[in-house]
Every structure is written in structure tokens, then in C-alpha cells.
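> Show me how the following folds:
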Amino acid sequence: MDPLLFVTFLVVLAVLVLFVGLHRALGWTREVEAQFEQRFAPASYGQAPGLPIEQNLDQILAKTSRAKRLQIELNLADINLTVGEYLLVRAALVAGGLILGTIISGQLLGGVLSGVVMLWLPRLYIRRRQDKRTKLFNNQLPDVVNLLVSSLRAGYGLRHALTVVVEEMPDPSAKEFGRVMREILLGYSLDDALGHLVERNRSDDLELLVTAIQIQNDVGGSLADTLETISSTIRDRILINGEIRTLTAQQRFSGSILAGLPFLLATALTLLNPEYMMELFQPGWPILIPIAVVIMVACGYIIMQRMLTIDF
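Model prediction:
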């Protein structure tokens, strides 16, 4: 193994170990903060204590709207990091990708491409976590509505019904509705607290539920009957969405295979005949060929996924 490559690998590994160690060292402060938030803190997302560089970076970024949106994205993905911590991790990944890519390919362009890939990997990971959490939250909504209906029919008020949801439902529903209850205890109106709930979660079903509650608070009526109808509607939407995913499963699988096939073939050819593949990574115009392939494959995969996305 090339000594320089080995040293670079050790440096990147040391950076990752450093971040893991810092995360564990600060774990007790996160635990104390979580306990404090459950008792006294407002429903907004708290910032965990960190190193001075992280605190200073968070203070600078707190003044920008972009940082606030990014913090919402992190919390929507249920990632316990501040914006400063996330940007530091992302910078470390980019630096490691740039160094390793340059050493492995022997060209700065290869390092730049590797750095770009590492730049977007955290974003893709966050989006995947968001989709998984949103899907889980949407699947729990019918049970949430049923708990609300049962509590209302038993004679309890809406606020007590929300407390039952927090106690009986698993995360993420319990966590989100727990924030609603804390906001109410801190003086927010029920409409404002539910509005913040909608802002924190990308769910059309949740928006339908909150709108029904807000309208009922204004005009009156039987909230239990309304919520029962909404529960049936949400279950039908989940059933239809499952049928759509079943019908498009083959197409989605084919799209993934077609997108990954060029890279599998390139890897196989590199192992069988490295000199042949290295001709594509020579200085000059040949390097444009693999770049164009990556761009076209990515565009094709995105187009196929868009074609299979059905809104209803």
C-alpha cells in the first residue's frame, strides 16, 4: 500500500473517531437537556451544548434564515445535531473525500469529484431519514385519531385527549404531540400549537386533521364524528398509497438496477483490466467521459423516480 495513502486513511479515521468521541463526551449534557426539555423547555428544538467552536458557529448561523431551515431539516430527520455540528461533520467528509480522491486517482479533478460526492452524501442521508420518519408518522396518524375519538366520546376534553396520545403512542407521534402540550402549558393557544405541529411535519393528512380541529373550535359541532370521518379518509389514503407502491415496485426496482449497472460494470472492468479503464481518467478530454456518464445516469434516475411519483 502507498504510504501516503495509508497516512491519509489514518488521518480521516482519526477525524471520525474524534467526532464520535466528542459526541459521547457530550452525551451526558444531551441527556440532561432532554430531561430539562421534558419538564420545562419550550416546544422549539433546543440546541445541545458543545465545544466553543460549535457554539460560536451556531451563534453566527442563528442569525440566518438558512440555518433555521437547516435545523428544521435536521429535526425532521430526527438527527440530534446542531447546525454547527452538522456543517463541521460535512466539512470533514468533504476534506477526507478530496484527499483520498486525489491520492487514489492521482489527479486533482478526481479529488474534486470525490469531494462533491461526499458533500451531497449527508444531504441524501438526511432526506432518507426524513422520508422514513414522515412515513412512520403518517402511518401512525389513524391510530392517533382513533385515540382522540375514543377520549372525546368518553367525555374528556381535547387537551386531555392529546395527553392520552402522548402517553399511549410511540415516537414520533408521542414526541410531536408532546411538544404541542408543552407549548400549550407555556401559554400558546391550541390553534398556534397545532399550527407549529404542521410546520414541523410534512404531512397532508396531519394538515387535514389540524384544519378540522381548528374549524371545529371556531364553528362548533361534534369533533368526534368529524375525526372519525378523517380517520377513515386517512386509512383509505394509506391503502391507496400502498397499492400504488405495489404496482410501481417493478419499475422502481428496474430504475435502480439501470442506474447502478454502469457503476457495477465499471468496477468489474477496473478489476479485470485496470489499464483499460484508466485511459478514461487521463488528463484532457477523456476525463469528460466518466463525468458525463455520472451526470446522465443521475439525471435519468431522477427522471424515472419523478415519473413514478403519483400525487393524490
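> going forward, measure contacts between C-alpha atoms and count neighbours the same way
Fine.
> got the domain boundaries for the protein?
137-241, 248-312 (automatic domain parsing).
> and of the ones you listed, who's closest to residue 102?
Judged by C-alpha to C-alpha, the one of the domains of the chain that comes nearest to residue 102 is domain 248-312, at 12.0 Å.
> chain center to the closest one, what's the gap?
Domain 248-312 has its C-alpha centroid displaced from the chain centroid by 25 Å (C-alpha atoms, centre = their mean, to the nearest Å).
> can you tell me the average pLDDT over that domain?
The pLDDT scores in domain 248-312 average 84.
> what do you get for stretch 186-201?
Averaged across stretch 186-201, pLDDT comes to 89.
> Save the domains of the chain as a markdown table, and put in distance to residue 70 and mean neighbour count too.
Putting these into a markdown table (distance: least, C-alpha to C-alpha, whole Å; neighbours: other C-alpha atoms under 10 Å) gives the following:
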| stretch | distance to residue 70 | mean neighbour count |
| --- | --- | --- |
| domain 137-241 | 12 | 17 |
| domain 248-312 | 23 | 13 |
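> which stretches of this structure form helices?
Assigned by DSSP state H, the chain shows helices spanning 3-25, 27-39, 52-61, 65-76, 83-105, 108-153, 158-168, 173-185, 190-200, 204-219, 223-247, 249-272, 274-278, 288-307.
> worst average pLDDT in those?
Comparing mean pLDDT across those, the lowest value falls on helix 27-39: a mean of 44.
> most remote residue from this protein's center?
What lies farthest from the middle of the chain is residue 275; by C-alpha atoms, centre = their mean that is 40.6 Å.
> So what touches stretch 136-147?
Identification of contacts with stretch 136-147 by C-alpha atoms under 8 Å, 6 or more residues apart in numbering yields 161, 164-165, 169, 172-173, 203, 205-206, 227-228, 230-232, 234-235, 238.
> thinking again about what came up before, residue 139 versus the residue farthest from the centre of the chain, what's the distance?
52 Å (C-alpha to C-alpha, to the nearest Å).
> same check, this time on residue 113
39 Å.
> for residue 118, same thing?
Distance from residue 118 to residue 139, by C-alpha to C-alpha: 32 Å.
> ok, residue 75 - how many residues close by?
Counted by other C-alpha atoms under 10 Å, the residues lying close to residue 75 total 19.
> Using a markdown table, please lay out the domains of the chain together with distance to residue 97.
Shown next, in a markdown table, are the domains of the chain (distance: least, C-alpha to C-alpha, whole Å):
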| stretch | distance to residue 97 |
| --- | --- |
| domain 137-241 | 33 |
| domain 248-312 | 17 |
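> what about those, which gets the closest to residue 82?
Nearest of the domains of the chain (C-alpha to C-alpha): domain 137-241, 16.2 Å.
> What's the end-to-end length of stretch 151-167?
Distance across stretch 151-167, first residue to last, is 13 Å (C-alpha to C-alpha).
> again with stretch 181-196
With C-alpha to C-alpha as the measure, stretch 181-196 spans 12 Å from end to end.
> Check the offset of that stretch from the chain's centre.
Here stretch 181-196 is found 25 Å from its chain centre; the criterion is C-alpha atoms, centre = their mean.
> and what of stretch 151-165?
Relative to its chain's centre, stretch 151-165 lies at 31 Å (C-alpha atoms, centre = their mean).
> from now on call the first residue 412
Sounds good: first residue 412 from here, last item stretch 562-576.
> which other residues reach it?
Here stretch 562-576 has contacts from 555, 558-559, 584-585, 588-589, 592, 634-635, using C-alpha under 8 Å, 6+ apart.
> As a markdown table, those with distance to residue 705 would be great.
Shown next, in a markdown table, are those (distance: C-alpha to C-alpha, whole Å):
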| residue | distance to residue 705 |
| --- | --- |
| 555 | 44 |
| 558 | 49 |
| 559 | 50 |
| 584 | 39 |
| 585 | 42 |
| 588 | 43 |
| 589 | 44 |
| 592 | 48 |
| 634 | 53 |
| 635 | 54 |
